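>>> show me the folded form of this:
(2 chains)
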Amino acid sequence: AQKITQTQPGMFVQEKEAVTLDCTYDTSDPSYGLFWYKQPSSGEMIFLIYQGSYDQQNATEGRYSLNFQKARKSANLVISASQLGDSAMYFCAMREAYSGAGSYQLTFGKGTKLSVIP
Amino acid sequence: NAGVTQTPKFQVLKTGQSMTLQCAQDMNHNSMYWYRQDPGMGLRLIYYSASEGTTDKGEVPNGYNVSRLNKREFSLRLESAAPSQTSVYFCASSEGRSNTGELFFGEGSRLTVL
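Prediction:
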């Protein structure tokens, strides 16, 4: 079973509107973390936001917020007031409990391509 | 601020040729990783190094070898390249246990195997 599922291969949003990118995850670890990364057409991976499994509040970073619904195992990214520069691939990722070998590993979803329409 | 530096950024190989992708980080991170990105597949972990002197297989290690040369450098070697290894390769690093696990990525290396 996939650990991270992003069901929207592509999405369109009108400039200045809000958009929600879906992410569901599967883990039995009580301690885990969820990430969103942005990959513009130039190819680099840009960290956007992080949510820990024990965090009580939904994470926010500027126009980005993470709608964390633990019981549903979902971690949707909400982008408010979309801008043309938001057009990119967006990846949801999860790290599970400390591996014991001295590192965390991130598992990525397949991504959602967001296109912002002027 | 260099962060994570990968070389080369582009490479074309013929089937059976060998090559090494180099990666260096200047953030004093303990852990380093190699991922590959293929269309529609997201990023998949090839190998990682939790700390200097250790390496472990990830999800898709076949056809690759790695070397953690020192704390800064982590290389990925293709001994006999195959067309299935055509991909974009990302090196990443993280602080390790003490932080959230956020990965810091290099800019990627686009490899084409003919």
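>>> can you report how many residues lie near residue A:46?
By the criterion of other CB atoms under 10 Å in any protein chain shown, residue A:46 has 13 neighbours. For glycine as for every other residue, the C-beta is placed from the backbone atoms N, C-alpha and C.
>>> and the gap between it and chain B?
Note on residue A:46: its distance to chain B, by CB to the nearest CB, to the nearest Å, is 8 Å.
>>> residues of chain A that sit close to chain B?
Residues of chain A found near chain B (CB under 8 Å from any CB of the partner chain) are A:4, A:9, A:33, A:35, A:43-45, A:47, A:50, A:52, A:91, A:93, A:95, A:98-99, A:101-111.
>>> 7 Å instead, please
Counting by CB under 7 Å from any CB of the partner chain, chain A comes close to chain B at A:33, A:35, A:43-45, A:47, A:50, A:52, A:91, A:95, A:98, A:101-106, A:108-111.
>>> for ChimeraX, write the select line for the buried members of those.
To isolate the buried ones among the residues of chain A next to chain B in ChimeraX, judged by 16 or more other CB atoms under 10 Å in any protein chain shown, type:
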select /A:33,35,45,47,50,91,95,102,103,104,105,106,108,109,110,111
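>>> can you tell me which of the residues of chain A next to chain B are in strands?
Applying DSSP state E to the residues of chain A next to chain B, the entries found in strands are A:33, A:35, A:47, A:50, A:52, A:91, A:95, A:106, A:108.
>>> find the nearest non-adjacent residue to the second one, please.
Taking CB to CB, 6 or more residues apart in numbering or on different chains, and ignoring the residues beside it in sequence, residue A:35 has residue A:93 as its nearest neighbour in space, at 4.4 Å.
>>> tell me what that neighbour is bridged to.
When bridges are assigned using DSSP bridges, the partners listed for residue A:93 are residue A:35, residue A:108.
>>> wait, it touches residue A:107, no?
Yes. Between residue A:93 and residue A:107 there is a contact at 6.4 Å, judged by CB atoms under 7 Å.
>>> between the two, which contacts overlap?
Between them, residue A:93 and residue A:107 have residue A:4 as joint contacts when contacts are counted by CB atoms under 7 Å, 6 or more residues apart in numbering or on different chains.
>>> more neighbours: those two, which one.
More crowded of residue A:93 and residue A:107, by other CB under 10 Å: residue A:93, with 27 against 21.
>>> who does the least confident helix or strand in chain A by mean pLDDT touch, helix- and strand-wise?
Lowest on mean pLDDT, DSSP states H and E among the helices and strands of chain A sits strand A:106-108, with a mean of 92. With contacts taken as 3 or more CB pairs under 7 Å, 6 or more residues apart in numbering or on different chains; DSSP states H and E, strand A:106-108 sits against strand A:88-95.
>>> helices or strands next to the strand it packs on in the packing?
Helices and strands touching strand A:88-95, by 3+ CB pairs under 7 Å, 6+ apart, are strand A:4-5, strand A:33-39, strand A:106-108, strand A:112-117.
>>> who touches stretch B:35-49?
A:91, A:103, A:105, A:108-111, B:31-34, B:55-61, B:64, B:66, B:68, B:74, B:76, B:87-90, B:92.
>>> strands - which of those residues land there?
Counting by DSSP E, the part of those found in strands is A:91, A:108, B:31-34, B:56-57, B:66, B:68, B:74, B:76, B:87-90, B:92.
>>> near chain A, which residues of chain B?
By CB under 7 Å from any CB, the residues of chain B that approach chain A are B:30-31, B:40-43, B:45, B:48, B:50-51, B:54, B:56, B:90, B:94, B:96-97, B:100-103, B:105, B:107-108.
>>> center of chain B - which residue?
Closest residue to the average C-alpha location of chain B: residue B:34 at 2.7 Å, with CA atoms, centre = their mean.
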